[in-house]
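Student: From the sequence below, what's the structure:
(one chain, ligands or ions: 2)
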Amino acid sequence: MSNTQDVKIRFENVGREFGTDKGNFTALQNLNLDVYDGEFITVVGPSGCGKSTAMNIVAGLLDVTSGQCLVDGEPVNGPGPDRGVIFQQYALFPWLTVRENVEFGLKLKDIDKAERRRIADHYIGLVGLSDFADALPKMLSGGMKQRCAIARAYAVNPKVLLMDEPFGALDALTRVRMQDQLLDTWSKERRTVMFITHDVDEAVYLANRVIVMAARPGRLQEVINVDLPYPRNDELRLSPEFAEIRNKVWHAVYSQPSHS
Ligand code: ADP
Ligand code: MG
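Tutor: Ligands and ions are numbered 1, 2, ... in the order given. Below is the predicted model of the structure:
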């Protein structure tokens with residue numbers, strides 16, 4: 001028997017079809033993948049290869065049509081506070097301050113006021129927004145809004161963080177800073193992270209393992225280990241070891257038939 005103790009997320013022959021005018025469309029076919037507790041995986045692949053479908057299944061926002069998805073050995077059955085989701089469009093409440101936004105999920109968990117404040121301020125500090133705790137979202141840059149969304153997701157203490165192209169809308173420099181900040185937060189308070197991105201450099205820089213998917217039908221193409229030490233930094237980004245892995249991932253993504 002396999003040891004499932006430290007498997008956090010398990011995809012077991014997961015398939016997802018959508019009914020369309022032209023019949024059934026296979027968005028995800030026979031996905032088998034274990035994500036380990038505390039692991040940071042990134043998912044890359046051409047548009048339409050089922051990345052968001054796979055993540056939404058873990059999030060409990062979408063059902064499987066075959067196989068099953070397990071979190072902590074239990075089949076996923078709807079969304080839950082154990083899984084925090086962050087999308088590309090930071091969904092902050094515009095009428096609430098940064099602190100109130102971060103406290104929001106804690107209110108739902110019935111945590112008392114003083115404790116809410118303590119937890120919120122901890123995560124606001126962790127993402128570097130302490131000076132903006134009382135600001136409204138409209139006062140913040142795109143990167144700051146996304147950091148607030150990350151603090152809000154972290155505050156409810158999810159064991160699993162699911163991020164669907166969270167930095168996709170940011171400029172290159174902000175994006176690089178956000179990557180470092182995310183890794184910093186992850187190394188301080190280890191969670192299991194599943195992070196979808198279009199950016200091969202980003203995928204390699206963040207991950208323990210890069211999951212490369214292929215399209216039509218959406219499926220697993222290759223799993224590439226990123227055997228580079230943390231903490232990671234700019235020097236590493238420019239190193240030959242990094243380039244070697246990046247080239248491997250690049251090849252796995254762009255040598256797919258749909259790109260030739
Ligand atoms: P990715 O995130 O990798 O770009 P998605 O998981 O969003 O891909 O989508 C995978 C495929 O499934 C795409 O071809 C998409 O058009 C299709 N798809 C996704 N959601 C639906 C839906 N609700 N109905 C029909 N087709 C869908
Ligand atoms: Mg997507």
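Student: Look at whatever residue of the chain ends up closest to ligand 2 and give its secondary structure.
Tutor: Residue nearest to ligand 2 within the chain: residue 52 (3.2 Å; CB to the ion). Yep, even glycine has a C-beta here, placed from its N, CA and C like the rest. Three-state assignment for residue 52 (DSSP: H, G, I helix; E, B strand; the rest coil): helix.
Student: list the buried ones in stretch 43-57?
Tutor: 43-46, 49-57 (16 or more other CB atoms under 10 Å).
Student: who in this structure is up against ligand 2?
Tutor: Contacts of the chain with ligand 2, taken as CB under 5 Å from the ion, map to 51-52.
Student: what about 8 Å?
Tutor: 47, 51-53, 55, 164-165, 196 (CB under 8 Å from the ion).
Student: How many neighbouring residues does the residue in the stretch 101-250 of the chain positioned nearest to ligand 1 have?
Tutor: For the stretch 101-250 of the chain and ligand 1, the shortest gap (CB to the nearest ligand atom) falls at residue 218, measuring 5.2 Å. Neighbours of residue 218 under the rule other CB atoms under 10 Å: 24.
Student: Ok, residue 74 next?
Tutor: The tally of other residues near residue 74 (other CB under 10 Å) stands at 10.
Student: What does it show for phi and psi?
Tutor: Note on residue 74: backbone dihedrals following degrees, to the nearest 10 are phi -110, psi 140.
Student: what does the model give it for pLDDT?
Tutor: pLDDT recorded at residue 74 is 96.
Student: same check, this time on residue 182
Tutor: The score at residue 182 is 89. That number is its pLDDT.
Student: that older thread, the residue of the chain closest to ligand 2 reaches residue 196, doesn't it?
Tutor: Yes: judged on CB atoms under 8 Å, residue 52 makes contact with residue 196 at a distance of 6.7 Å.
Student: between the two, what contacts are shared?
Tutor: Counting by CB atoms under 8 Å, 6 or more residues apart in numbering, the common neighbours of residue 52 and residue 196 are residue 164.
Student: all helices of this structure, in order?
Tutor: Taking DSSP state H as the test, the helices found in the chain are 51-59, 98-108, 113-126, 142-155, 172-188, 200-206, 234-237, 240-254.
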